[in-house]
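S.K.: Attaching a predicted model along with its sequence, questions to come.
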Amino acid sequence: MGSVLNIHLLSAFIPTFFVVSVTPGMCMTLAMSLGIAIGVRRTLWMMLGELAGVGLVAVLAVIGAATLMLNYPIAFTFFKWGGGIYLVWLGIQMWRAKGGMALTADDGGHVAAPGQLIAQGFITAVANPKGWAFFMVLLPPFIDSRLPMTPQLSVLVALILLLELLCLLLYAHGGQGLNRWLRRRDSLRLLNGIAGSLLIAVGIWLALE
């Protein structure tokens, strides 16, 4: 491994990315809201889509495809607004105690479709302009130009996905813990309001970012 990777750069990359990843952002807020609404186990579907989006953005940003997106800002804006409006709509549905993720007294929330959750995670990750900027700025300094690109990028992306998953799980477990705490106080309406508000916030954040 030492022949194709710069261990010193790698050891600096891990804590750097963890600090950035664990900082509250769109994806972490989404993980917490879904942890409140549907629990950690079901939120894993969203995480699958989010990780796919993060991995895609990381690879494309490094190889320069982000530049193409900057050349077509209108298309990217439509994509962001579409994803943002969809998340706001889901949040409003939760506020009204309707839809696939609204909490109910009998089952703790209906089963949201896996495809819907995967799409939420993927769109939130790919349509986040800060994600593109972050990877374009952060990843190149940790790539040693004297060594092969493919092995380095593969390891960095694998570490990114591992750390991202860890942080998503932390936020989702936090949301699920809040769910249980408030449920003991018969606060389903408040739970729907909190989860719905978080989804609305992420949607607005995504659209206006």
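M.R.: Structure received.
S.K.: could you pull out the helices for this protein?
M.R.: Ranges of helices within the chain are 7-22, 26-63, 65-71, 73-95, 114-126, 129-138, 149-183, 188-208, based on DSSP state H.
S.K.: Just say which of those is most tucked in.
M.R.: Mean neighbour counts were taken over those using mean count of other CB atoms under 10 Å, and the top value, a mean of 22, falls to helix 26-63. C-betas here are computed from N, CA, C, even on glycine.
S.K.: tilt between that one and helix 7-22?
M.R.: With axes from the mean of the first three to the mean of the last three CA atoms, to 10 degrees defining the directions, helix 26-63 sits at 140 degrees from helix 7-22.
S.K.: How confident was the prediction at residue 100?
M.R.: Looking at residue 100, its pLDDT stands at 48.
S.K.: What values do phi and psi take at residue 143?
M.R.: phi -110, psi 120 (degrees, to the nearest 10).
S.K.: what does residue 25 give?
M.R.: phi -150, psi -170.
S.K.: Residue 129 is in contact with that one, correct?
M.R.: No. Counting by CB atoms under 8 Å, residue 25 does not reach residue 129; the two are 11.9 Å apart.
S.K.: Reformat the helices of the chain into CSV and put mean pLDDT next to each item.
M.R.: Below are the helices of the chain laid out as CSV (pLDDT from 0 to 100):
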stretch, mean pLDDT
helix 7-22, 81
helix 26-63, 88
helix 65-71, 58
helix 73-95, 72
helix 114-126, 89
helix 129-138, 74
helix 149-183, 87
helix 188-208, 71
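S.K.: residues touching the spatially closest residue to residue 178 that is not a sequence neighbour, list them.
M.R.: Closest residue to residue 178 apart from its sequence neighbours, by CB to CB, 6 or more residues apart in numbering: residue 36 at 5.7 Å. Residues in contact with residue 36 (CB atoms under 8 Å, 6 or more residues apart in numbering) are 175-176, 178-179, 191, 194-195, 198.
S.K.: Identify the farthest-apart pair in those.
M.R.: 176 and 198 (13.4 Å; CB to CB).
S.K.: on that earlier part again, check the spacing between the residue nearest to residue 178 and residue 202 real quick.
M.R.: Per CB to CB, to the nearest Å, residue 36 is found 13 Å from residue 202.
S.K.: do the same with residue 42
M.R.: 17 Å.
S.K.: Repeat that for residue 141.
M.R.: 29 Å.
S.K.: Likewise for residue 48?
M.R.: Residue 48 sits 18 Å away from residue 202, going by CB to CB.
S.K.: Let me see the contact set for the residue most central in space within the chain.
M.R.: The residue lying closest to the centre of the chain (CA atoms, centre = their mean) is residue 27, at 2.8 Å. Residue 27 makes contact with 50, 54, 121, 124-125, 128, 164, 168 under the criterion CB under 8 Å, 6+ apart.
S.K.: With residue 139 instead?
M.R.: With CB under 8 Å, 6+ apart, residue 139 has these contacts: 58, 61-62, 156.
S.K.: Can you tell me which of those is closest to residue 17?
M.R.: residue 156 (8.6 Å).
S.K.: Identify the residues contacting the closest one.
M.R.: 10, 13, 58, 139, 142-143.
S.K.: Show me the two of these that sit farthest apart.
M.R.: It's 10 and 58 that sit farthest apart of the contacts of residue 156, by CB to CB, at 15.1 Å.
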